[in-house]
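In: no FASTA, just this:
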């Protein structure tokens, strides 16, 4: 089958997807009988191009990697805003990969809503709209008979959402417990090796794991958005970010970590959602966990999620939680899922 | 949607599925809009019943758990063989849950083949036919336009196969490494605590993890069949059981385990499939692995599988690998997947 894509947001994640689409073109065709034509790319920084006959992604990637803008590409319509592109594109799937805003969800929220309203499938890596407005957006998708998929929003290319939603269908999830933020897990892991908090944070920034303003991570806003997404999608909750008890790692000291070690425990920033009396209660906070817990050995920037189920013992998935290649792959896996359901 | 099922093989696994279908009837209806009617049950030990209007599973489970046969059930046709049932049933899906035979694949092989030829979907927990004849059976399924699913054959209800096939679609699997047999992992874990091999085996037998004749486990036939399935299904190989380098745990001593520990390593029975020069090479043998390997902390009867991918860092899944509830749930998850694709 042939699918036309519009990519809104061409930063690290959008480019990650584009690279996979280039390098895997033959593989996708031979293994899945799938051809993906990107008919629009739109980015606040790099400009926008629209070309219904398909954009040469290798050329665009080259332009961008050599410091150019996507609208340096010849033979395409230019100058349209994201919302213009969404209103006009002939794409089957809109890939929404703009930045996350956990307060308003914008501009992703409007992009996704409008795309769904126009009857296009949406695949997104944008946590904001899914954390803030999942029910509303899913309702529009359902009423239009299109897919809204967002594997990339939690644990990046590690399929935490699709695992819970599809592979574990039929099981009731009683509790989710996970390490959903790589930056803080890296810092805590370094602290476990005796490095101070400030030095570990500095290293995380140097390695590109933490932003110059690290609050989204160390104050746990990022994993809070993720546990809201998981709760609402996998446990049928209707949580808002403010409903989650949230505590970051800024007041964790080397002494806390030492004391935990003396009790054969490690300190991890644990995101948790639990069904209590039929209600889902969620929290993100540092916890001391025993070494027998699979999460205890998840170190560095790795993420992990444990599903506590009604039908059998726990299932845990461990894998990367960030990175352009990984998030770009998550988008691709969602596109493939849509292709699978459409055929 | 309404799906009619025929259950062939009503041992621990078939009964596990039946229990879930009873306890989850309302949940499946409300959450997935799915009604499952079991129209035939057939078992060499318990007899067979056929009832196109649907069998009361709670009644059948009660009969069997109180020492009776399924054909003590009133109001159904009786006395048919499994193959007669398959030839006559009006089921949409045949659930093949008879015992595993790794030499001939029978009787599961014939059950599955005939069911597919009749244009019925098949869901199975039977390793034999999938390890021995996956390509042939998948070919028949494809030519008939029906599904052949077998999540339960590897890691039971932990979705090792569907994760690789669906959630990780689009990623090329370069290597699979796993702990795919709970009995041997239990024995090795006990040995890590200083218990001798023979004593650990005795405990495993006492706990029902190992058979009276434990060779399928300790000589690694069971994980060998599983790595063949994973290789052929997820890595597009065409391996036979004899192609796998196989070494069990019977000659592992406490000294081996102690020496590994001195090197900060643990001994695990590792099933592995790796692409080498475009060819898939598989082995199952005890290996010393470092404590930084997520598999190192998978203890007792737990199973685990690591997917080494081209698109991002490794993904590992950990969960139960056996048990009637777990395998029965795996069958249910496959039935739900079929329902999802059909709607």
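Out: On my side now, so go ahead. Keep in mind it's a predicted model, so treat the numbers as computed, not measured.

In: now the residue located most distally from the centre of chain A: how far from chain B?
Out: Outermost residue of chain A with respect to the C-alpha centroid, by Cα atoms, centre = their mean, is residue A:262; its distance is 35.5 Å. Residue A:262 sits 19 Å away from chain B, going by Cβ to the nearest Cβ, to the nearest Å. Quick note: C-beta positions are derived from backbone N, CA and C, even for glycine.

In: sheet partners, orientation included, of the helix or strand harbouring residue A:41?
Out: Applying DSSP states H and E as the criterion places residue A:41 in strand A:35-43. Next to strand A:35-43 in the sheet, as set by DSSP bridges, lie strand A:2-8 (parallel), strand A:47-50 (antiparallel).

In: mean confidence score for it?
Out: For strand A:35-43, mean pLDDT is 98.

In: now do the helices in chain A.
Out: A:12-23, A:25-32, A:57-65, A:82-88, A:108-117, A:127-144, A:160-162, A:182-192, A:197-206, A:215-218, A:221-234, A:254-262, A:324-342 (DSSP state H).

In: how about the fourth one: buried residues?
Out: Residues of helix A:82-88 classed as buried under the neighbour-count rule (16 or more other Cβ atoms under 10 Å in any protein chain shown) are A:82, A:85, A:86.

In: roughly how far is it from the heart of the chain?
Out: 23 Å (Cα atoms, centre = their mean, to the nearest Å).

In: got it, and stretch A:205-221?
Out: Worked out by Cα atoms, centre = their mean, stretch A:205-221 lies 16 Å from the chain centre.

In: got it, and stretch A:245-253?
Out: Centroid separation for stretch A:245-253 versus its chain: 23 Å, with Cα atoms, centre = their mean.

In: ok, now stretch A:77-84?
Out: 25 Å.

In: for the record, mean pLDDT for that stretch?
Out: 95.

In: straight-line length of that stretch, end to end?
Out: 12 Å (Cα to Cα, to the nearest Å).

In: domain boundaries for chain A, per the record?
Out: The record's domain split for chain A, according to automatic domain parsing, is A:2-157+A:324-342, A:167-319.

In: re the thing from before, residue A:96: which of the helices of chain A is closest?
Out: helix A:108-117 (5.0 Å; Cβ to Cβ).

In: list the helices and strands that closest one packs on?
Out: Identification of packing neighbours for helix A:108-117 by 3 or more Cβ pairs under 8 Å, 6 or more residues apart in numbering or on different chains; DSSP states H and E yields helix A:82-88, strand A:93-96, strand A:121-124, helix A:127-144.

In: buried ones in stretch A:182-198?
Out: Those would be A:182-192, A:195, A:197, for stretch A:182-198 by 16+ other Cβ under 10 Å.

In: and what of stretch A:211-222?
Out: By 16+ other Cβ under 10 Å, the buried positions in stretch A:211-222 come out as A:214, A:216, A:217, A:218, A:219, A:220, A:221, A:222.

In: can you add pLDDT and give those back as a markdown table?
Out: Shown next, in a markdown table, are those (pLDDT from 0 to 100):
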| residue | pLDDT |
| --- | --- |
| A:214 | 95 |
| A:216 | 94 |
| A:217 | 96 |
| A:218 | 97 |
| A:219 | 98 |
| A:220 | 98 |
| A:221 | 97 |
| A:222 | 97 |
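
In: and those as TSV, adding distance to chain B?
Out: Output for these, formatted as TSV (distance: Cβ to the nearest Cβ, whole Å):
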residue	distance to chain B
A:214	22
A:216	22
A:217	19
A:218	23
A:219	26
A:220	23
A:221	24
A:222	19
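
In: tell me which of those residues is nearest to residue A:102?
Out: Distances from residue A:102 to the buried residues of stretch A:211-222, taken by Cβ to Cβ, are shortest for residue A:221, at 6.0 Å.
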